[in-house]
Each structure stands twice: as C-alpha cells, then as structure tokens.
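Engineer: Sequence and predicted structure below; questions after.
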Amino acid sequence: MGVGKALRSRLAVRLTLILLAVTTVGTAAMGVYVTRVLERHSVENLKSGLVTEARLLHDALVPYLVQGAPRGWVQELAEKYGAKVGARITVIAEDGTVLGDSGRDLEGVRRMENHAARPEVKAALAGGIGEHLRRSRTLNVEMLYVAIPLMDGTNIKGALRLALPMTEVAKTVTSVRRAVTAGGILALGLALAVGFFISRRVTRPVTEMQAVAHRMAEGDLDQKVPVTGTDEIAELGRALNRMALRLREKMQDLEGERAKAAAILDSMVEGVIAIDHRGRLLLMNPGARAIFGLLEEPVEGRSFLEVVRQKELFDLAEACQSCRPGEDCRREVELGPPIRRILEAHAVPVSFGPEERGSLLVLHDITALRRLEQVRREFVANVSHELRTPLTSIKGYLETLLDGALAEPANARRFLEIAHTHAERLGRLVDDLLQLSDLETGKVILNLAPGPLREVAADVLAIFENQTAQKTLAFLNHVSPDLRVRADRDRLAQVLVNLVDNGVKYTPEAGQITLDAARGPRGLIEIRVTDTGIGIPSTDLPRITERFYRVDKARSRELAGTGLGLAIVKHLVQAHGGELSIESELGKGTMVRFTVPEA
C-alpha cells in the first residue's frame with residue numbers, strides 16, 4: 001500500500017509540475033506579448049498626440065519663418081509653446097539650421113548643429129511626417145521625436161519637431177508588467193491547486209491499475225480494477241479486466257491441457273524422453289525413469305549422455321533429425337550394466353519453438369517379451385528332445401523285433417520291457433504337460449478343506465518308505481500334530497511327493513530328508529522340505545522351476561525325471577495362494593519352502 005501511495009504521489013507531483021511549467025511558459029509569453037503591444041500602443045498614442053500638437057502650432061510659427069523673423073523671436077515662441085504643450089519644441093529652418101529650441105537658451109540654440117540629417121527632420125523637410133525613437137545626445141535620455149513640415153502654401157519653409165522623453169511610457173510599461181506578473185503568480189497558484197486536484201483524480205485510477213497489473217503479472221488473475229465513469233481511463237480499466245478474464249480462461253485451458261498431457265505421460269508404461277538440439281533433457285516421464293532407475297533424481301536440463309549413459313540411444317535421437325516424414329526411425333537396443341534391458345526405441349524429430357528443434361524418444365521395454373520368446377524356443381526344443389528320446393528308443397527296439405528278434409524269446413521280452421518303460425515315461429511326460437497346461441490356464445479346480453498337515457506328511461512318508469530304506473536314507477517327519485491347513489489334500493500331497501522324490505533322487509546313501517512346518521505371518525503355514533543331497537548351483541536357482549530345466553540333464557533322465565515337477569509344484573502352490581522359494585548350497589543340500597493357508 002505504501003508503494004502505491006508513493007507512486008501516486010510521484011505521479012501527481014510530476015503532472016502538477018508539468019501543468020505549472022506549461023502555465024509559467026504561457027503566462028510569460030502572454031506578459032511579454034501584452035507588454036510589447038502596450039508599449040507599441042503607447043508610442044503610437046504619443047506620436048499621434050505630438051503630431052496633433054505640432055499641427056496646432058503650425059499656423060502660429062509659419063508667419064515668422066515667412067517674414068524671416070529674428071532667431072530670438074522664434075526662440076521665445078518655442079519656449080512659450082514648449083511650456084504650454086509640455087514637450088520639447090524645436091523650430092528648424094529649411095536648410096536644417098535650428099532657429100529655436102524650448103530645451104535650450106538662445107546661446108545654446110546658436111551652438112546647436114545642423115539638424116538637416118536627422119531622420120525625422122529629413123522626412124519633414126521632404127514634405128512628410130517624420131518620427132524617430134532614440135537617445136538624445138543633448139539631453140542623454142530616450143526621446144520620441146516627431147517632425148512636420150512648416151509650409152506656406154505649397155512651399156516648405158522649415159520643420160517643426162516635438163520631442164517627449166520615454167519615461168512616461170516606461171512607467172506605464174512597468175506598471176503593466178507588474179500587473180501581468182501578479183496575474184501570472186495568481187494564475188500559477190490556481191494552476192497548482194487545480195493541477196494537484198486533477199492529477200490526484202487522474203493518478204488514483206492509474207496507480208490502482210498499476211497495482212492490479214502488478215499482481216496479475218505475479219499470477220493473481222482474480223484481481224479486478226475498480227471502474228467508474230465512461231472516460232478513457234475507465235475504458236482502460238475495463239479493457240484490463242477483460243484481458244485478465246481472457247488470460248484466466250486461457251491459463252485454465254492451458255493448465256487443463258498440461259494436466260491431461262502430464263496424466264497421460266505419467267500413466268504410460270512406455271518411456272518418453274524429449275531432448276533438445278543441444279542434447280539436453282527436456283522431459284522424462286516416470287516410465288522412462290523406471291527403465292533407467294532414475295525415480296527421484298532431477299534430470300531436466302542435464303545432458304542426456306550424463307544421465308542415461310547409453311550412446312546408442314543418443315545416436316538414434318540424432319539420426320532421426322535426417323529421417324524423412326513418415327519414415328520409421330526405430331532400433332532395438334540392449335542396455336548394458338548396471339541395468340540389463342532390451343528396449344525397442346522409436347525416435348521422431350519435433351519442434352519446440354520457431355527455431356528450436358529436438359527429438360522425442362519412445363521406449364518400449366521388451367525384455368520380458370524377448371525372455372518369453374527365448375523360453376518358448378527352449379520349451380519347443382526341450383519338448384521335442386524329451387519326446388524324441390523315448391520315441392527313438394521305442395522305434396529302435398520295435399524295428400529290432402520286426403527284423404527277427406521276436407524269434408529270440410529272451411531278447412524279445414527284454415526289448416519289449418525297455419520299449420514299455422519308454423512308453424510309460426512318454427505317458428508321464430504327456431500327463432505332466434497336460435496337467436501343467438491346466439494349471440497355467442486355471443482349469444484345475446481345488447477342493448479346499450481344512451485338515452491336519454501331519455497326516456499328509458505321514459502318507460507321503462509311507463510312499464517313499466521302500467526307496468528310503470534301499471538307500472538307507474533317514475526320513476524325519478517333524479510336523480506338529482496341531483498344525484491344520486486349508487488345502488486340497490491330494491494336490492498338497494502331490495506337491496510334497498514331488499519335493500520328497502527330488503530329495504530321494506539327489507541325496508546320496510546314508511543321507512537325511514526332513515519335513516517340518518511352522519506358523520508364518522498373515523495366517524499362513526510355512527512347510528519346509530530339507531535334504532542333505534548334492535545341492536543346486538547358485539547360477540541355476542533362478543531358473544530351477546522353469547519347464548524342462550535341469551541342472552544335470554543326463555543324470556535327471558537316468559532317474560526318469562520329466563523336468564516338469566518343480567514347474568507343477570510352483571503352480572500348485574500359487575493356486576493355493578502361497579509362495580515357493582528354494583535355498584541350496586552345492587554339496588551340502590537343499591531346502592524348499594512353500595506356504596499354504598492355515599485352517
């Protein structure tokens with residue numbers, strides 16, 4: 001508020017000073033003009049008066065000149081009429097000789113120089129009325145001289161000159177100047193008062209507009225200029241209010257569009273990166289930040305290579321500037337350490353201003369897609385290999401039998417038993433594939449019911465009793481009798497059978513297999529199957545539950561494994577709402593953990 005008052009005060013003072021300056025100049029010009037006009041008018045009046053007086057004296061003086069009267073007589077007349085008229089009277093002969101002068105005595109007149117060359121005398125002797133304003137060398141004062149010819153009929157006998165000092169005129173002019181000065185001072189005072197009043201009324205709305213415009217410039221577009229009247233300042237205020245309304249509407253539209261664009265960019269799974277012509281980042285949406293692990297780090301304005309450190313992407317962004325319209329500038333990029341991803345990058349040139357161009361990168365993370373393609377290829381290859389092995393064996397033994405081995409009963413039976421074994425293995429493989437397919441597509445329906453976990457563990461222990469006895473393995477059931485689970489009993493038994501079967505297969509003689517359980521968080525029961533077998537290398541653990549993945553392929557086939565057991569286990573556990581994890585140390589054993597809901 002103080003700033004507004006100070007501004008209004010300064011503006012009012014400035015306008016008042018301008019008005020005072022204009023008034024001063026006008027008053028001064030008027031005073032000079034009036035003074036000069038009055039001075040000219042006074043001089044003209046004096047001239048007219050002197051000419052009139054001179055004409056009145058004309059007839060009294062001409063006879064003396066015609067008769068050639070002595071100079072003394074003429075001097076007496078000049079002194080006589082000079083006293084009556086109140087002006088200096090000079091009678092001049094035709095040749096310019098001064099015959100009488102009321103301002104001198106007779107001796108002084110005789111010593112006066114010839115006046116024929118004086119401008120007013122010269123004009124009078126020529127038959128006209130002469131006048132001249134100059135300083136008198138005789139009296140040393142400013143004098144106005146007027147001279148008329150003294151004529152006898154048509155003959156010029158001399159000249160009569162009347163002179164008056166300009167002191168009276170100067171007094172008149174001085175009084176006029178004083179009056180004009182007083183009037184000017186009064187006018188300046190009135191101008192000061194009126195100017196200050198008008199300037200305050202003019203500057204108040206202007207300063208209010210300035211304050212509102214300042215707040216508008218700071219972003220507060222809800223301000224309005226108070227408007228009264230219909231003059232130009234009021235129209236300016238209305239225009240400012242309309243401008244603020246339009247700006248507010250445009251800002252709201254822009255904010256809405258920006259919010260929409262930001263929401264779209266933020267919700268995009270694809271990464272979007274905008275780069276200017278200098279290679280600096282203008283925009284990086286959350287999708288792109290997630291790809292490069294830059295969730296919280298500020299990146300706008302920094303160099304692309306400094307932040308992303310992937311030159312292949314930067315080269316693509318630069319290369320797109322030379323692409324023709326409609327041309328697809330894309331590249332599949334494999335990111336190196338520290339982040340290993342496969343990206344499909346699309347780049348297009350964009351314009352960020354009249355003379356500023358840049359590039360827009362759209363990144364699709366196809367790491368999972370490429371991994372699925374790799375798994376599919378491996379699955380097809382593994383299925384083909386797993387099917388080919390038993391089929392080749394069956395085909396070979398059958399061809400051997402057809403070639404004459406049927407005539408050898410001992411060999412024929414052995415060959416048929418081998419073919420039957422491979423056929424059973426082939427059947428198990430097909431059954432596992434169908435079961436895995438049903439689990440993955442959700443076709444398997446679980447019959448969930450509460451039941452004691454220890455009984456399921458005891459049934460599994462009974463299944464492997466002969467095998468553990470043959471290998472002298474210790475099978476310990478540490479499951480507490482009070483633990484109850486809500487699960488499909490048959491499917492839970494299938495999970496435990498698969499895990500225990502693996503433990504029996506890969507645990508050397510005199511080893512140990514332990515099955516125990518405990519309550520976990522969130523109402524789950526954690527079940528653990530632990531063996532002291534050969535263990536699993538740490539590099540194989542992430543893929544151990546994939547279909548057909550084997551650590552030792554030759555040995556697993558010798559043990560009649562299909563390579564699908566752990567994949568089935570994982571899907572069965574997930575179908576119960578649990579999780580599966582495997583911990584292993586090579587040469588020391590393996591522990592498999594999974595969870596099921598507690599009853």
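Structural biologist: Alright, I've got the coordinates. Everything quoted here is computed from the prediction, not taken from an experiment.
Engineer: Contacts only, for L483.
Structural biologist: 452-454, 517, 519, 525, 598 (C-beta atoms under 8 Å, 6 or more residues apart in numbering). Where you see a C-beta, it was placed from the backbone N, CA and C, and this is true even at glycine.
Engineer: Please apply the same query to A126.
Structural biologist: Counting by C-beta under 8 Å, 6+ apart, A126 makes contact with P149.
Engineer: Distance check, it against P149.
Structural biologist: Counting by C-beta to C-beta, to the nearest Å, the separation of A126 from P149 is 8 Å.
Engineer: ditto for R377
Structural biologist: From R377 to P149 the distance is 142 Å (C-beta to C-beta).
Engineer: Equivalent analysis for G256, please.
Structural biologist: Distance of G256 to P149, given as C-beta to C-beta: 102 Å.
Engineer: Between those two, tell me which one has more neighbours.
Structural biologist: The neighbour count for G256 versus P149, taken as other C-beta atoms under 10 Å, is higher for P149 (23 against 10).
Engineer: wait, doesn't the more buried one sit right on G128?
Structural biologist: Yes - shown here, P149 and G128 form a contact pair, counting by C-beta atoms under 8 Å, at 7.5 Å.
Engineer: mean confidence score for the one helix or strand R413 maps to?
Structural biologist: Assigned by DSSP states H and E, R413 belongs to helix 409-441. Mean pLDDT, helix 409-441: 74.
Engineer: Could I get the full set of strands for the stretch 251-400 of the chain?
Structural biologist: 271-276, 281-284, 329-334, 342-351, 357-365 (DSSP state E, counting those that start in this stretch).
Engineer: could you give the mean pLDDT of the helix or strand containing G237?
Structural biologist: Using DSSP H and E, G237 sits in helix 232-267. Averaging pLDDT along helix 232-267 yields 81.
Engineer: and that helix, what does it pack onto?
Structural biologist: helix 167-217 (3 or more C-beta pairs under 8 Å, 6 or more residues apart in numbering; DSSP states H and E).
Engineer: counting contacts, what elements does the helix it packs on pack onto?
Structural biologist: For helix 167-217, the elements it packs on are helix 2-67, strand 142-152, helix 232-267, judged by 3+ C-beta pairs under 8 Å, 6+ apart.
Engineer: Out of these, which one sits most buried?
Structural biologist: Scoring those by mean neighbour count under mean count of other C-beta atoms under 10 Å gives strand 142-152 as the most buried, with a mean of 21.
Engineer: list the helices and strands that one packs on?
Structural biologist: In this structure, strand 142-152 makes packing contacts with helix 2-67, strand 88-93, helix 119-125, strand 130-135, strand 155-165, helix 167-217, judged by 3+ C-beta pairs under 8 Å, 6+ apart.
Engineer: now for those, which one comes closest to E107?
Structural biologist: With C-beta to C-beta as the measure, strand 88-93 is the member of the helices and strands packed on strand 142-152 nearest E107 (15.7 Å).
Engineer: residue contacts, D266?
Structural biologist: By C-beta under 8 Å, 6+ apart, the contact set of D266 is 285-286.
Engineer: Give me the distance between it and L363.
Structural biologist: 15 Å.
Engineer: With K260 instead?
Structural biologist: Counting by C-beta to C-beta, the gap from K260 to L363 is 22 Å.
Engineer: repeat for V22
Structural biologist: Note on V22: its distance to L363, by C-beta to C-beta, is 71 Å.
Engineer: L57 now?
Structural biologist: 122 Å.
Engineer: just E232 next, same as before
Structural biologist: From E232 across to L363, the span is 58 Å (C-beta to C-beta).
Engineer: likewise L406?
Structural biologist: Using C-beta to C-beta, we find L406 at a distance of 66 Å from L363.
Engineer: and those two? which has more neighbours close in?
Structural biologist: L363 (23 against 13).
Engineer: so what's the more buried one closest to, chain neighbours aside?
Structural biologist: Sequence neighbours aside, G271 is the residue nearest to L363 in space, at 3.7 Å (criterion: C-beta to C-beta, 6 or more residues apart in numbering).
Engineer: OK, contacts around the one you found?
Structural biologist: Counting by C-beta under 8 Å, 6+ apart, G271 touches 284-285, 287-292, 343, 361-365.
Engineer: can we see that at 7 Å?
Structural biologist: G271 makes contacts with 285, 287-288, 291, 363, as judged by C-beta atoms under 7 Å, 6 or more residues apart in numbering.
Engineer: again with S584
Structural biologist: Residues counted as contacts of S584 (C-beta under 7 Å, 6+ apart) are 535-536, 541, 590.
Engineer: same question for the helix or strand it falls within, mean pLDDT?
Structural biologist: Assigned by DSSP H and E, S584 belongs to strand 580-585. For strand 580-585, the mean pLDDT works out to 92.
Engineer: Would you mark the buried spots in it?
Structural biologist: Neighbour counts over strand 580-585 (16 or more other C-beta atoms under 10 Å) mark 580, 582, 584 as buried.
Engineer: where are the low-confidence patches of the stretch 451-599 of the chain?
Structural biologist: Filtered on pLDDT under 70, the stretch 451-599 of the chain yields the residue ranges 547-563.
Engineer: Measure how buried P286 is and give me the count.
Structural biologist: For P286, using other C-beta under 10 Å, the count is 16.
Engineer: Kindly report the same for D222.
Structural biologist: 10.
Engineer: what about the nearest residue to it once chain neighbours are set aside, distance to F197?
Structural biologist: Closest residue to D222 in three dimensions, ignoring its sequence neighbours and counting by C-beta to C-beta, 6+ apart: R248, at 7.3 Å. The gap separating R248 from F197 is 36 Å, by C-beta to C-beta.
Engineer: R528 touches D516, doesn't it?
Structural biologist: Yes - proximity of R528 to D516 meets the contact threshold set by C-beta atoms under 7 Å, at 5.5 Å.
Engineer: Would you quantify the distance from Q223 to V74?
Structural biologist: Distance from Q223 to V74, counting by C-beta to C-beta: 95 Å.
Engineer: P390 now?
Structural biologist: 174 Å.
Engineer: Over to E300?
Structural biologist: On the measure of C-beta to C-beta, E300 and V74 end up 114 Å apart.
Engineer: Centre of the chain to the helix or strand hosting D459, how far?
Structural biologist: Per DSSP H and E: D459 is located in helix 453-463. Centre-to-centre, helix 453-463 and its host chain are 71 Å apart (C-alpha atoms, centre = their mean, to the nearest Å).
Engineer: buried residues in that helix?
Structural biologist: 453-454, 456-457, 460-461.
Engineer: Can you convert those into a markdown table and add a column each for distance to V212?
Structural biologist: Output for these, formatted as a markdown table (distance: C-beta to C-beta, whole Å):
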| residue | distance to V212 |
| --- | --- |
| L453 | 78 |
| R454 | 83 |
| V456 | 81 |
| A457 | 83 |
| V460 | 85 |
| L461 | 89 |
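Engineer: Quickly name whichever of those is closest to I156.
Structural biologist: Using C-beta to C-beta, these come closest to I156 at L453, 162.9 Å.
Engineer: Can I get stretch 258-278 in CSV? Just the C-alpha atoms.
Structural biologist: This file holds the C-alpha atoms of stretch 258-278, laid out as CSV (Å, rounded to 0.1, in the frame of the first residue of the first chain):
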residue,chain,number,x,y,z
ARG,A,258,-1.0,-29.6,-19.3
ALA,A,259,-2.6,-31.7,-16.6
LYS,A,260,-4.1,-34.1,-19.3
ALA,A,261,-0.7,-34.4,-21.0
ALA,A,262,1.1,-34.9,-17.7
ALA,A,263,-1.5,-37.6,-16.6
ILE,A,264,-1.1,-39.4,-20.0
LEU,A,265,2.6,-39.3,-19.8
ASP,A,266,2.7,-40.3,-16.2
SER,A,267,0.4,-43.3,-16.7
MET,A,268,2.2,-44.5,-19.8
VAL,A,269,4.1,-47.8,-19.4
GLU,A,270,6.3,-46.8,-22.3
GLY,A,271,9.2,-44.4,-21.6
VAL,A,272,9.0,-41.0,-23.2
ILE,A,273,12.1,-38.8,-23.4
ALA,A,274,12.3,-35.3,-25.0
ILE,A,275,15.8,-34.0,-26.0
ASP,A,276,16.7,-30.5,-27.3
HIS,A,277,19.1,-29.8,-30.2
ARG,A,278,22.0,-29.5,-27.7
